[in-house]
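Student: here is a sequence with its predicted model. Questions after.
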Amino acid sequence: MKDTVILMLLKVVGSLPLWMARALGAGVGGLMWYTGSRAARVTETNLALCYSELSDRERRKLARQSLLEAGRTGAEIPVVWRRSDAWIRHRVKAFHGSDLLREALAKKRGVIVLTPHLGNWEVLPAILTLYEQVAMLYQPPKGEALHQYLQRVRHRPGTTLAPTTGRGVAALTKALRAGQLAAILPDQVPDVGKGGIEVPFMGEQALTMTLLHSMLQRSECDVLLIYVLRVRGGFEVVATRCDEAVYSSDVHESVAAMNRTVAGAVASAPAQYQWEYKRFKGREQGEPY
């Protein structure tokens, strides 16, 4: 029953014009803020940890902005899923750093693309496939009907959806060996004891995946961080180089460098980061939530 309701909502919201979905999402985000929802509480906790230098008033303002943006992202995603690649590409106003992607692909060694929870990451497949085929790691939902729906709407020409299993990692490795793109979410918290270590993220210890480091030890590919920001009337894509220490053979140095790279991207648009996600869960010193 729950999956049926979710699917209905996804289809209804997905049929809206982009501007209307954004307005609806902002309204939902505002409601989450003013009602003191769990998302609002988690957002305020995360911002207190990561932006301790801000005043209480400044953090509350950022928290409210973040919830509005989170609502917009949530409403945009089903719209993007139901639109064509051509529709999405028409609404991308700029791709900053596209030369970095071209240069990395020219080496024919494959490229790992880090796509953090910043802006609207679901726009990326339609853009990345303009340059090369891409295998994308994703977390399958529990419900089978929802899983099938998401596989259908997220699949695009030139993409391979790879679940967060050994089979999925093998698909990413295969793509890299073919000189293609492999996309992973660098700020997804792994299960305790399963492929993660604790390193700093914006000044706080955070359980962080070691998948990138493991993949780099088995290849000579480049790594780029690419994210999509929401702008008036559409989106802007940004590609940046990673902190060079991500290539270190030392797992702690590599993973900490990945977190520094993500933090640098967050600094460009902090309100569009997914602060309502429990980024500091599972750590040994205890969760702040």
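Tutor: Alright, I've got the coordinates. Residues are numbered from 1 along each chain as shown.
Student: after the helix or strand of the chain with the lowest mean pLDDT, which helix or strand is next?
Tutor: Least confident helix or strand of the chain, by mean pLDDT, DSSP states H and E, is helix 144-154 with a mean of 81. The element immediately downstream of helix 144-154 (helix or strand, assigned by DSSP states H and E) is strand 159-163.
Student: now that following strand: average pLDDT?
Tutor: Average pLDDT, strand 159-163: 87.
Student: buried ones in it?
Tutor: Thr159, Thr160, Leu161, Ala162 (16 or more other Cβ atoms under 10 Å). C-beta: built from backbone N, CA, C; applies to glycine.
Student: now the first one: how far from Ser52?
Tutor: Yep, that's Thr159 we're talking about. Counting by Cβ to Cβ, to the nearest Å, the gap from Thr159 to Ser52 is 40 Å.
Student: sec struct for the closest residue to Lys108 other than its chain neighbours, please.
Tutor: Of all residues not flanking Lys108 in the chain, Gly179 sits nearest, at 4.5 Å (Cβ to Cβ, 6 or more residues apart in numbering). Three-state call for Gly179 (DSSP: H, G, I helix; E, B strand; the rest coil): coil.
Student: determine the longest helix present in this protein.
Tutor: Taking DSSP state H as the criterion, the chain has its longest helix at helix 56-81.
Student: and the next element down the chain from that helix?
Tutor: helix 85-90.
Student: please enumerate the strands of this protein.
Tutor: Along the chain, counting by DSSP state E, strands occupy 92-96, 111-114, 134-138, 159-163, 181-184, 196-201, 204-209, 222-231, 234-241.
Student: out of the ones you listed, which comes closest to Ser15?
Tutor: For these, proximity to Ser15 was assessed by Cβ to Cβ; strand 234-241 is nearest, at 18.6 Å.
Student: for that closest one, which outside residues touch it?
Tutor: 18, 90-98, 100-101, 119-120, 123-124, 127, 224-229, 261, 264-265, 268 (Cβ atoms under 8 Å, 6 or more residues apart in numbering).
Student: again, but for stretch 198-213
Tutor: Stretch 198-213 is contacted by residues 49-50, 52, 112, 114, 137, 169, 184, 186-190, 192, 195-197, 223, 246, 251-252, 254-256, 258-259, 262-263, 266, 279-285 when judged by Cβ under 8 Å, 6+ apart.
Student: again, only this time at 6 Å
Tutor: Residues outside stretch 198-213 that contact it (Cβ atoms under 6 Å, 6 or more residues apart in numbering): 49-50, 189-190, 195-197, 251-252, 254-256, 258-259, 263, 279-280, 282-283.
Student: pull out the buried positions in it.
Tutor: Of the residues in stretch 198-213, 198-199, 201-202, 204, 206-213 count as buried by neighbour count, 16+ other Cβ under 10 Å.
Student: ok, stretch 75-84 next?
Tutor: For stretch 75-84, burial by neighbour count (16+ other Cβ under 10 Å) applies to Ala75, Glu76, Ile77, Pro78, Val79, Val80, Trp81, Arg83.
Student: would you format those residues as a markdown table with distance to Glu44 and pLDDT included?
Tutor: Listed next are the buried residues of stretch 75-84 as a markdown table, based on distance: Cβ to Cβ, whole Å; pLDDT from 0 to 100:
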| residue | distance to Glu44 | pLDDT |
| --- | --- | --- |
| Ala75 | 22 | 96 |
| Glu76 | 23 | 96 |
| Ile77 | 24 | 95 |
| Pro78 | 27 | 95 |
| Val79 | 28 | 96 |
| Val80 | 28 | 95 |
| Trp81 | 30 | 94 |
| Arg83 | 34 | 94 |
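Student: export the residues you listed as a markdown table, with columns for distance to Asp3.
Tutor: Putting the buried residues of stretch 75-84 into a markdown table (distance: Cβ to Cβ, whole Å) gives the following:
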| residue | distance to Asp3 |
| --- | --- |
| Ala75 | 19 |
| Glu76 | 21 |
| Ile77 | 17 |
| Pro78 | 15 |
| Val79 | 20 |
| Val80 | 21 |
| Trp81 | 16 |
| Arg83 | 23 |
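Student: quick one: which of the residues you listed is nearest Gln148?
Tutor: Of all the buried residues of stretch 75-84, Gln148 sits closest to Trp81, with 13.4 Å by Cβ to Cβ.
Student: I'd like the distance between the closest residue to that closest one other than its chain neighbours and Lys11.
Tutor: Take Trp81 and drop its neighbours on the chain: the residue closest to it by Cβ to Cβ, 6+ apart is Val153, 3.9 Å away. Distance of Val153 to Lys11, computed by Cβ to Cβ: 10 Å.
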